[in-house]
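> give me a 3D structure for the following:
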Amino acid sequence: HVGAPWLRPWEELTIIDQNGGSLLSGDTINILTHDGHYLMAQNSGGSGVDATSDHDLAWEQFKIFKQNGTGAIGPTDVIALQSSDGHYFVAEDGGGATSLLNANRTAIGSWEQFTLVAIPPQCSYTALPAQQTVSSSGGIFSVTLTTTLGCGWTVTSDSSWITITTPADGSGDATVSYSVAPNSGGSRSGTITAAGQSGPVAAVTVMQNEACPSLLTPGSASYASGAGNGSLTVAGSTPCEWTATSNASFVTVTAGASGSGNGVVSYAVAQNTGATRTGTVTVHDQQFTITQAGAAPPNPPAGVRATTLSTTSILVSWTPSSTTGVTGYHVYRRADTGGWVQISAYPVQSPLTDGSLQPGVAYRYKVLAWDGASLSGDSNVDLATTVVFDDPSLIRYQTVVRAIHVVQLRQAIDIVRHAAGWPPATYTDPSLCQTLTLQNQCIGGIQIRKVHVQELRDRLVEAFNVLGLSSPTFTDPTITPLVTVIKIEHIADIRAAVQ
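Just a heads-up that it's a prediction; the model follows:
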């Protein structure tokens, strides 16, 4: 029938456009009833229309034609419907209490024209959190409002101490802020309501704690990184009830979690293996602050030693840190007058080979221990140069001290002096060899004297002092003329300091 004088769910129909996109004149459509059945032209047309089909086939497909213009079809447009066999829908007698809907006309007249009426959306509203407890001191709070697309709303409060700040009205999803005034009396509750002109509403219950005068003693506490225990005293009025709640995972309330009037709250603080941290315990409206120091960093490794392997590589070794829990080490390098650079991308173990270096350069190294949370302080710093020497193995009573040994040590020491920001040193007998070939061969070398060795020691110690390195130790610390015999050990000592 087409005789209802009102618009209710039974009269609501949904158009499904088979062509997709905007609904245009000439598109193929289905028409769905409020309960999900399809309109069907019986026998594909030429007969009546019913709404009993639960599938979408040819009898349930129609063409829609705009009668009041061209282009897209929308609300208030006048349309005609055509069944799959070419017949048009008709409201017999133009509609009325006994009028039937058929699909048996071959032309479009006034009875075959229908007007589309837009159905307003069924609005729903949800507000979260649905319940909120606030302190007696009040403050600014918010709720998240979710609505059906296109639905407008207005937010109101039923209590003078709750004020909607922004926004008080709007459309669609939004965050609504409200303020709660301080409470000087007992506990109280109010309701915030979000609703449209009709339909369901969303309500938020705001509960405010009573004005419970209380004093926490002390107001805060500090702890070292180790585990600990403590307590605080609550001075409150009776019969004002309160609860004590930890707001930090490392603080646990162990006793006095609730009470009335005066009381004591005990708590435990867990060991800290990371950085300094802060937590609070809330007693009614009061905050008790706990600050715990970060874990002590591990001790640095000892005995860091840099040893030359070649003109392009140096071996770095060290003795492990004395601190338990160290998982690895970070190695840092400094070339000449440059800054420190970390050369291990991840924690490593001793020893570490540092390759792809530049020949003839002084490199310094330090190593820091890592325990998974923090780095240690700096280790000792050791130096090595990418300089190699003739007679790599100096054998006592077999290897003779030669001019080339001192010439090469002078070159290495000048490299160290360059790292200290100093120019090359001056030496007695600058030319120890009559000829020094490009292959670093010494031809016609003179006899090495005590002054030559002493100058090497002095120039090296000067540079080490500027670089902040420990002075090397020497065999025969004092070289006495006419007494001390120059030995291969004297050469080996200086080599060890630069290699």
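> now the strands for the stretch 251-400 of the chain?
251-255, 258-260, 263-269, 277-283, 286-292, 302-310, 313-319, 328-335, 341-342, 352-354, 362-370, 382-385 (DSSP state E, counting those that start in this stretch).
> and the residue lying closest to Ser220 once chain neighbours are set aside, what does it touch?
Leaving aside its chain neighbours, Ser220 sits nearest to Thr289 (4.2 Å; criterion: Cβ to Cβ, 6 or more residues apart in numbering). Just so you know, the C-beta spots here come from the backbone N, C-alpha and C atoms, and that holds for glycine as well. Contacts for Thr289 (Cβ atoms under 8 Å, 6 or more residues apart in numbering) come out as Gly219, Ser220, Ala221, Thr278, Gly279, Thr280.
> mind checking pLDDT for Thr289?
Per-residue confidence (pLDDT) for Thr289: 95.
> repeat that for Gly199.
pLDDT, Gly199: 63.
> and the next helix or strand past the host helix or strand of Gln132?
Here Gln132, judged by DSSP states H and E, is contained in strand 131-134. Downstream of strand 131-134, the next assigned helix or strand under DSSP H and E is strand 139-147.
> alpha carbons only: can I get that following strand in PDB?
Provided in PDB are the C-alpha atoms of strand 139-147 (Å, rounded to 0.1, in the frame of the first residue of the first chain):
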ATOM      1  CA  GLY A 139      40.400  21.400  38.600                       C
ATOM      2  CA  ILE A 140      40.000  21.100  34.800                       C
ATOM      3  CA  PHE A 141      38.900  17.800  33.300                       C
ATOM      4  CA  SER A 142      37.600  16.400  30.100                       C
ATOM      5  CA  VAL A 143      35.400  13.700  28.500                       C
ATOM      6  CA  THR A 144      35.600  12.200  25.000                       C
ATOM      7  CA  LEU A 145      32.200  12.500  23.200                       C
ATOM      8  CA  THR A 146      31.500  10.100  20.300                       C
ATOM      9  CA  THR A 147      28.400  10.500  18.200                       C
END
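> how distant is it from the center of its chain?
26 Å (Cα atoms, centre = their mean, to the nearest Å).
> go on, stretch 16-28?
48 Å.
> for the stretch 301-450 of the chain, give me the ranges with low pLDDT.
436-440 (pLDDT under 70).
> may I see the buried residues of stretch 221-239?
Ala221, Tyr223, Ser225, Gly228, Gly230, Leu232, Val234, Gly236 (16 or more other Cβ atoms under 10 Å).
> so what's the residue nearest to Ser220 bridging to?
Ser220, Thr280 (DSSP bridges).
> likewise for Gln342?
Tyr332.
> that one reaches Tyr329, doesn't it?
No: Gln342 is beyond contact range of Tyr329, at 11.0 Å (criterion: Cβ atoms under 8 Å).
> just want to know which of these two has more residues nearby.
Tyr329 (26 against 10; other Cβ atoms under 10 Å).
> and the residue nearest to the more buried one when sequence neighbours are not counted, how far is that from Thr353?
Sequence neighbours aside, Val367 is the residue nearest to Tyr329 in space, at 5.1 Å (criterion: Cβ to Cβ, 6+ apart). Relative to Thr353, Val367 is positioned 14 Å away (Cβ to Cβ, to the nearest Å).
> common neighbours of these two, please.
Val316.
> more neighbours: those two, which one.
Val367 (28 against 11).
> for Gln447, give me its contacts.
Ala403.
> let's number from 366 now, not from 1
All right, first residue 366 from here; so that's Gln812.
> any idea how far Val771 is from it?
11 Å.
> number of residues surrounding the residue lying closest to Tyr711 once chain neighbours are set aside?
Using Cβ to Cβ, 6+ apart and skipping residues adjacent in sequence, the residue nearest Tyr711 is Gly693, 7.3 Å away. Neighbourhood size, Gly693 [other Cβ under 10 Å]: 14.
> ok, now Trp735?
21.
> please name the bridge partners of it.
Gly693, Leu740.
> if we can go back for a sec, which of the buried residues of stretch 586-604 fall in strands?
Using DSSP state E, the members of the buried residues of stretch 586-604 that fall in strands are Ala586, Tyr588, Gly593, Gly595, Leu597, Val599, Gly601.
> now those residues as CSV including distance to Ser448?
Shown next, in CSV, are those (distance: Cβ to Cβ, whole Å):
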residue, distance to Ser448
Ala586, 84
Tyr588, 84
Gly593, 85
Gly595, 84
Leu597, 83
Val599, 81
Gly601, 81
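> show me which of the residues you listed is closest to Leu674.
Tyr588 (48.7 Å; Cβ to Cβ).
> now Ile429, what's its secondary structure?
strand (DSSP: H, G, I helix; E, B strand; the rest coil).
> so it makes contact with Ile444?
Yes: with contact defined as Cβ under 8 Å, Ile429 reaches Ile444; the gap is 5.4 Å.
> which residues are common contacts for the two?
Common neighbours of Ile429 and Ile444 (Cβ under 8 Å, 6+ apart) are Ile438.
> the strands of the stretch 616-765 of the chain: which one's closest to Tyr762?
strand 667-675 (24.8 Å).
> CA atoms of the closest one as CSV?
Only the C-alpha atoms of strand 667-675 are listed here, as CSV (Å, rounded to 0.1, in the frame of the first residue of the first chain):
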residue,chain,number,x,y,z
ALA,A,667,91.9,-1.5,34.3
GLY,A,668,95.2,-1.9,32.4
VAL,A,669,94.1,-0.6,29.0
ARG,A,670,97.0,-1.3,26.7
ALA,A,671,97.4,-0.3,23.0
THR,A,672,99.9,-2.3,21.0
THR,A,673,101.0,-1.6,17.5
LEU,A,674,100.4,-4.5,15.1
SER,A,675,101.3,-2.8,11.8
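> next, the angle strand 727-735 makes with it.
Orientation check (axes from the mean of the first three to the mean of the last three Cα atoms, to 10 degrees): strand 667-675 against strand 727-735 gives 140 degrees.
> now for strand 667-675, which elements pack on it?
Judged by 3 or more Cβ pairs under 8 Å, 6 or more residues apart in numbering; DSSP states H and E, the packing partners of strand 667-675 are strand 678-684, strand 727-735, strand 747-750.
> wait, Ala790 sits on Arg824?
Yes: look at Ala790 against Arg824 with Cβ under 8 Å: they come within range, at 4.3 Å.
> quick check: neighbours shared by these two?
Common neighbours of Ala790 and Arg824 (Cβ under 8 Å, 6+ apart) are Ile778, Arg782.
> so for these two, which residue has more residues nearby?
A count of neighbours by other Cβ under 10 Å puts Arg824 above the other of Ala790 and Arg824, at 22 against 16.
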